[in-house]
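# Could you work out the structure for the sequence below:
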Amino acid sequence: MKEKSVLEMRGIFKSFPGVRALQNVDFTLCEGEIHALMGENGAGKSTLIKVLTGVYEKDEGHIFLKGMDKEAVIRSPQDAQKLGISTVYQEITLCPNLTVAENMYIGRGNGFMQNWRKMNADADKILQSLDIPARATQQLSSCSIAIQQMVAIARAVDMDCKVLILDEPTSSLDEQEVEKLFGLMRDLKAKGVGIIFVTHFLDQVYEVCDKITVLRDGKLVGEYEIENLPRVQLVAKMLGKELDDMADIRSDSDTFVEKDNSAPVFEAQGLQSNAGIKPFDFYIKKGEVNGFTGLLGSGRSECVRAIFGADRVIGGTVKKNGKQVKISKPIDAMKNGIAYLPEDRKIDGIIGDLSVRDNIVLALQVLQGFFKPFSKAKMYEFADEYIKLLEIKTASADTPIKSLSGGNQQKVILARWLLMHPEYLILDEPTRGIDIGTKIEIQKLVLKLASEGMSVTFISSETDEMLRTCSRLVVMRDRKVVGELSGDDLTQNKIMSTIAGGEEHE
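Numbers count the residues shown, from 1 in each chain. All right, here's what the predicted structure looks like:
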């Protein structure tokens, strides 16, 4: 091993039925280094991490860790943990029915001999040192997703790790919590911990990382010092091609010619749900792409869930083409031509054990009724059409959706709703946690659908993405609408100033 290396992976191969996930991949992590692992969904990042953490067993290759005089044998997550390898995954893998302290120490105590008082005291000490607003004795389910994520990181940090793997740890954190995490990462770096950082936020990579390793299609593209790899080159290496200026994404389909006198396709007045949002008004016109924007927890998702009937509506009216309609549950919305891609594809979107085909036809089958099932031939016809249309990477239509990468799972859920040919499509964080190439594909698809007359509401936590796709933005703060922007006002500065001190609508 090199003198400063804490981890070396050499010639790693891993295959699954029909898919070669890793081909001769090398990866080196040094002491006191924050190293970004980058690539599109399906590039092999997650597979490499799962090989390192013992979730998967490699087919070929070697793993070396500092302080060991022979090759490391990692056949289980417990093996990895004993070797000082700790992981925090994108999807929180804690137990919501246990306390914060129990989650931090589960699997590390002596069973019935556990000293509960000491465990709680130690947990509180760690939580306080990391400035995490949680108590050791409170049930984890009572914490927000962001706090649960921080608890998962606290657990990993407390295990005296030599290698800390952070797999999309910031996806549920707001800006202050991200800064807190980055401060923690820098402290660990100063203590000699090697950190592997997986994220789709380029700004975060360039803010906190020292090196970048890029994978593409299961192969190593290269390892780079952060200062030697400009962002445009990073994107090009991830995609394997030069990337057009993302700011020009609208050029191919200019969908934003809106007639001032055209009537809304859908409109809501005084809409309110049991999710705590203040009553709000909303409208969208034919062929328009609009969006809700605001900080984490501002109420963006709750607004569209109310429109779709996913949360219980407790006030307000909804009209379609000027006529009042009742939407109290999702099936009502679907019958009125509304489709909704939810924020959390794992919980509200995919049905993991079902095939790609079954996931695609699900919404249309619900509309038709389960007593009128589609023929198998028709289901394959639907699935094959949208697998081709959206370029979904899957071995076949029969592949379980849980086997697909995150970006391809998202495309399957999008296919499910497009198969309904909706008049109005709501997309809540459709590009979260997926690679840049797929993000651009989805953005272009949104604009194409709008040019064909579909109305689309697009929500993203990335302001740049909203500005590229939307012609009008409803600005949220503290679960109420504080402004609406269009035309020359559609700028990042205007959005931020409106969020900070926009006119409040009680």
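# Can you show me the CA trace of stretch 314-326 as PDB?
Output of stretch 314-326 as PDB, limited to C-alpha atoms (Å, rounded to 0.1, in the frame of the first residue of the first chain):
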ATOM      1  CA  ILE A 314     -60.200  20.100   4.800                       C
ATOM      2  CA  GLY A 315     -61.100  23.200   2.800                       C
ATOM      3  CA  GLY A 316     -61.200  25.000  -0.600                       C
ATOM      4  CA  THR A 317     -62.400  24.200  -4.000                       C
ATOM      5  CA  VAL A 318     -60.900  22.800  -7.200                       C
ATOM      6  CA  LYS A 319     -62.100  23.500 -10.700                       C
ATOM      7  CA  LYS A 320     -61.300  21.800 -14.000                       C
ATOM      8  CA  ASN A 321     -61.900  23.900 -17.200                       C
ATOM      9  CA  GLY A 322     -64.000  26.300 -15.000                       C
ATOM     10  CA  LYS A 323     -66.300  23.600 -13.500                       C
ATOM     11  CA  GLN A 324     -66.000  22.500  -9.900                       C
ATOM     12  CA  VAL A 325     -64.800  19.000  -9.300                       C
ATOM     13  CA  LYS A 326     -64.400  17.100  -6.000                       C
END
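# out of everything not next to it in sequence, what's closest to G39?
Closest residue in space to G39, ignoring its immediate chain neighbours: L215 at 3.9 Å, by Cβ to Cβ, 6 or more residues apart in numbering. (Each C-beta comes from the backbone N, C-alpha and C, glycine too.)
# how's the protein carved up into domains?
5-241, 261-337+428-434+453-506, 338-421 (automatic domain parsing).
# Lowest mean pLDDT across the ones you listed, which one is that?
With a mean of 83, domain 338-421 has the lowest mean pLDDT of the domains of the chain.
# can you tell me the distance between the two ends of it?
9 Å (Cα to Cα, to the nearest Å).
# ok, back up a step: put together a markdown table for the domains of the chain, with mean neighbour count on each row.
What follows is these, written out as a markdown table (neighbours: other Cβ atoms under 10 Å):
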| stretch | mean neighbour count |
| --- | --- |
| domain 5-241 | 18 |
| domain 261-337+428-434+453-506 | 18 |
| domain 338-421 | 18 |
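# In a markdown table: those domains, plus distance to L447.
Shown next, in a markdown table, are those (distance: least, Cβ to Cβ, whole Å):
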| stretch | distance to L447 |
| --- | --- |
| domain 5-241 | 19 |
| domain 261-337+428-434+453-506 | 7 |
| domain 338-421 | 14 |
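# closest one to V446 among the ones you listed?
domain 261-337+428-434+453-506 (5.5 Å; Cβ to Cβ).
# Run the chain-centre distance for that closest one.
20 Å (Cα atoms, centre = their mean, to the nearest Å).
# do the same with stretch 360-380
Distance of stretch 360-380 from the chain centroid (Cα atoms, centre = their mean) equals 28 Å.
# what's the answer for stretch 160-179, then?
14 Å.
# Let's see the distance spanning it from one end to the other.
First residue to last in stretch 160-179 (Cα to Cα) measures 22 Å.
# cool, and stretch 330-341?
Start-to-end, stretch 330-341 (Cα to Cα) is 12 Å.
# Contacts for it, please.
For stretch 330-341, contacts defined as Cβ atoms under 8 Å, 6 or more residues apart in numbering pick out 266, 304-305, 307-310, 320, 325-327, 349, 363, 366-367, 410, 413-414, 417-418, 420, 422-428, 430.
# picking up where we left off before, tell me which helix or strand comes right after the helix or strand where the residue nearest to G39 lies.
Using DSSP states H and E, L215 maps to strand 211-216. Per DSSP H and E, the first helix or strand lying C-terminal to strand 211-216 is strand 219-225.
# how big is the angle separating the helix or strand following that next one from strand 219-225?
Per DSSP H and E, strand 219-225 leads on to helix 231-239 as the next helix or strand towards the C-terminus. Calculated by axes from the mean of the first three to the mean of the last three Cα atoms, to 10 degrees, helix 231-239 forms an angle of 160 degrees with strand 219-225.
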